[in-house]
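J.: The following block contains a protein sequence and its predicted model.
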Amino acid sequence: MTGWLRAIAYVMWKELLELRQDPRLFPVLFVAPIIQLIVLGYAATTDVLDIPLVVVDPDRSAASRELTSRFDRSRYFTIIDAVGSVEEVEPYLASGRAWMALAIPPGFGEDVASGTPVTVQVVADGTDSNSAGIGLGYARGLVAEHARAIVEERRMSPPGGIDARIRVWYNPELESRDFMVPGVLALILLVITMVLASMAIVRERELGTLEQLNVTPVTRSQLILGKLLPYAAIGIVDIVLVVAVAVLWFEVPLRGSLLLLFALSLLYILNTLGLGLLVSTISSTQQQAMMTATFLFLVPMIYLSGFIFPIENMPAAIQQFTYVIPLRYYLVIVRGLFLKGVGIDALWPQAAALGLLGVAILGLAVLRSSKRTA
Amino acid sequence: MRGMGAVALKELRQLGRDLRTLAVIVVLPLFFLWLYGYALNFDIRNVALAVQDDDNTPLSRELVAAFVNSGYFNQVASIRSGGEIEALLDRDLARAVLVVPRGFAEAAREGRRAPVQVIVAGDNANTATTVVGYARAILDSAGARLAATANGQAARPLIQLEPRVWYNPELESTLFLVPGLIAYIAMITGVVSTALAIVREKERGTYEQIRMAPLATTSFVAGKSLPYLALSMLSAMLVLTAGMLAFDVPMRGSWTVLLVATLLFLVCAIGMGLLISTIADTQQLAFQIALLASFLPTFILSGFIFPLSSMPVAVQAVSFIVPARYYLVALRGVVLKGVGWDILAPQLAALTVFAVFVMGVSAVRLARERA
């Protein structure tokens, strides 16, 4: 047993010596995740705020100004210009200077005063379908709120109707940052650890040193474990760094247990490192390994994990496929721990899935690394 | 010129031997297109809804039916007490809960405002915003119907909103995402393959041989990058054509503008790849830098998915040095809006400046390295 461990220790030591050869690698491994998390944490927001709005107001009455100022006062819209007719809106939307236009019909003030129902038009640039949909929702809400205010002010309110109380749990302000930062954290850990590990074996193959390893008494599993452990150490440092940035810099509330977060993160990087090693064993050049890691693994995993696109929107066949993506489970774990403050009683299915996948992936990597040279 | 041709030929031969890389550059983009077209979208349908109907009258059941029949909600559970709500939302078994309190029908009959509660899981802020919008719209129209029956008059609000959507009336996310995908793929193939092509020579020691060869720096650079420029252009056009055929992506503007913008953008990407190759000595490092400098910014800081205008000013400032930012505006402008040179001039100018700058810097660095 001690001999078995010693062989692993030798491989580890050799790997660490080789990593030290590249003095620029460590700054990339430790500083880059912090910078990335900070920049991406701010950037990855699906909030739609300050939508540039053009106002078409041929009416120019007090009532129309009240409506436009309600838009301007809300945090969702910023009025950038006012024009006289709907035709003049086109250049604003075509150039992207405005995303939406609010068109108030002539006679709006009189109609509102006399209590005649009146229609205002909102024109939206549908290019960004997601933002446009959200913006239209805001506009609808503001107009309805405005109409209700007028009706209540004049006490002409017909009684009845529904008193809708919509409440949002976990994230009452609907801050997308609290949702995205844990996701970006998971993404960065994946990219860094997987790409790093994907080079581990293929580099030896490309440089011809795998031949030398072949004639040593090191077994396949010893080789894989010896390669894995130094990278796992790097991964642990990265976990501590990114969690610290999320909690201290972004002040994302960590409502669950920190210990559980670390334990499950460790389980997660065993998966990502295993995937990297698997890529490394099935590639013959480093270039190939990087392309395979990025295109065949990273990008599909990111898209299909629920990081941005909700899994429940996907067709059933593709949903089945997402079950083999470790990131899928880890996203539920980090979001659950950060936002919902749930414990292992709610997260055990995800933890079990990560454990099973990790064993399967590492086993596959060991099997594939049949110490062949080609 | 002949030197350049020789380098290009050598690069092509090397590429030809590596079929997997070639397949990655040409075939995989089509796979992504398929993913975007069928699997990935923001359109939120079938939100898992749990219903707690404490009233249990024909009127309350009608309200529940209004949610289910809207097509946006799927009733996954009926619950009785309030304690279960937390368990359902915590375990992600439901995304929203509709609570109709006892006395709902009675209040509606007597013409009082009948209270209804909707609880939405807000952890995914984007989905939750949309779900809140759906719930409000359904409750608004149900409320107007109730008020109308109570008052015996037509239910029409004082001010009504008529939405018009230009360029993408159905608000299909495919039309928004496919142009972004082209930029994304072009960026990765351009930056990554160019950077690796040169660093590989350094790592294997063949760079020394080229350094000895009677070859001008420009011929070397051009010979190395032209094959990748051609390949990236090919895959960009492949994605665009396939998008038009399979997903009805329109082409409302001019092909010339599109080709010029794409070419400029690819030169930017390849310039970045060259620059990285002058910084990194190993493929491992080159790839890490390429991912950090191209993969993630093009994904997140370009307006591909996340709207730039909602980001903090400092982050928006960073996005000015992401070429994809300009290219996406140009691409979506041409394809969806049909705008031309006059409107896209700022974007094309920015791309040109970036291309000249990045190519210049890398040429200087390469020349110094080879000297």
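T.: Received the coordinates, thanks. What you are looking at is a predicted structure, and each value in this text was computed from that prediction instead of being measured. Residues are numbered from 1 along each chain as shown, chains lettered A, B, ... in the order given.
J.: How is chain B partitioned into domains?
T.: B:2-40+B:172-370, B:47-151 (automatic domain parsing).
J.: Indicate which one of those domains is closest to A:G355.
T.: The minimum distance between A:G355 and the domains of chain B falls on domain B:47-151, with 19.1 Å, by CB to CB. C-beta: built from backbone N, CA, C; applies to glycine.
J.: Just give the number of residues close to B:A87.
T.: Applying other CB atoms under 10 Å in any protein chain shown, we find 12 residues neighbouring B:A87.
J.: Give me the nearest residue to it, chain neighbours excluded.
T.: Counting by CB to CB, 6 or more residues apart in numbering or on different chains, B:L93 is the residue found nearest to B:A87 once chain neighbours are left out, at 7.8 Å.
J.: Report the contact partners of the one you found.
T.: The neighbours of B:L93, taking CB atoms under 8 Å, 6 or more residues apart in numbering or on different chains as the test, are B:A48, B:A50, B:V76, B:A77, B:A87.
J.: Show me just the buried residues among those residues.
T.: The neighbour count (16 or more other CB atoms under 10 Å in any protein chain shown) marks B:A48, B:A50, B:V76 as buried among the contacts of B:L93.
J.: In JSON lines, list the domains of chain B along with mean pLDDT.
T.: As requested, these are exported to JSON lines (pLDDT from 0 to 100):
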{"stretch": "domain B:2-40+B:172-370", "mean pLDDT": "83"}
{"stretch": "domain B:47-151", "mean pLDDT": "84"}
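J.: next helix or strand past the worst-scoring helix or strand of chain A on mean pLDDT?
T.: Of all helical and strand segments in chain A, the minimum by mean pLDDT, DSSP states H and E falls on strand A:162-169, at a mean of 71. Per DSSP states H and E, the first helix or strand lying C-terminal to strand A:162-169 is helix A:176-198.
J.: Tell me the helices and strands packed up against whichever helix or strand comes after that following helix.
T.: Sequence order places helix A:200-207 as the next helix or strand after helix A:176-198, per DSSP H and E. Judged by 3 or more CB pairs under 8 Å, 6 or more residues apart in numbering or on different chains; DSSP states H and E, helix A:200-207 is in contact with helix A:209-214, helix A:220-244, helix A:258-282, helix A:286-291.
J.: rerun at 7 Å
T.: helix A:258-282, helix A:286-291 (3 or more CB pairs under 7 Å, 6 or more residues apart in numbering or on different chains; DSSP states H and E).
J.: Helices of the stretch 151-300 of chain B, start to end?
T.: Using DSSP state H, counting those that start in this stretch, the helices of the stretch 151-300 of chain B run over residues B:173-204, B:206-212, B:217-247, B:255-279, B:283-290, B:296-300.
J.: Centroid-wise, who is the farthest residue in chain B?
T.: B:E110 (50.4 Å; CA atoms, centre = their mean).
J.: Poorly predicted segments of the stretch 251-374 of chain A, please.
T.: Low-confidence segments of the stretch 251-374 of chain A (pLDDT under 70): A:370-374.
J.: B:V239: neighbour count?
T.: For B:V239, the count of nearby residues is 23 (other CB under 10 Å).
J.: ok, B:A314 - contacts?
T.: With CB atoms under 7 Å, 6 or more residues apart in numbering or on different chains as the criterion, no residue contacts B:A314.
J.: Could you dump the helices of the stretch 151-300 of chain B into CSV with distance to chain A added?
T.: Listed next are those as CSV, based on distance: least, CB to the nearest CB, whole Å:
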stretch, distance to chain A
helix B:173-204, 5
helix B:206-212, 13
helix B:217-247, 11
helix B:255-279, 8
helix B:283-290, 4
helix B:296-300, 5
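J.: Which of these sits closest to A:A246?
T.: Nearest to A:A246 among these is helix B:296-300 (16.1 Å), distances taken as CB to CB.
J.: Leaving out sequence neighbours, find the closest residue to A:G183.
T.: A:F307 is the one closest to A:G183 (CB to CB, 6+ apart), at 5.1 Å.
J.: Cross the contacts of B:L93 against helices and list the overlap.
T.: Among the contacts of B:L93, the residues falling in helices (DSSP state H) are B:A87.
J.: Okay, and which of the contacts of B:L93 map to strands?
T.: Among the contacts of B:L93, the ones falling in strands (DSSP state E) are B:A48, B:A50, B:V76, B:A77.
J.: what bridges to the first one?
T.: Same thing as B:A48. Applying DSSP bridges to B:A48 gives these bridge partners: B:N74.
J.: List the residues that contact it.
T.: B:N74, B:V76, B:L93, B:A94, B:R95.
J.: again, 10 Å this time
T.: Going by CB atoms under 10 Å, 6 or more residues apart in numbering or on different chains, B:A48 touches A:312, B:73-77, B:88-89, B:92-97, B:121.
J.: mind checking how far it is from A:R6?
T.: Look at B:A48 and A:R6: by CB to CB, to the nearest Å, they are 53 Å apart.
J.: how about A:V123, secondary structure?
T.: strand (DSSP: H, G, I helix; E, B strand; the rest coil).
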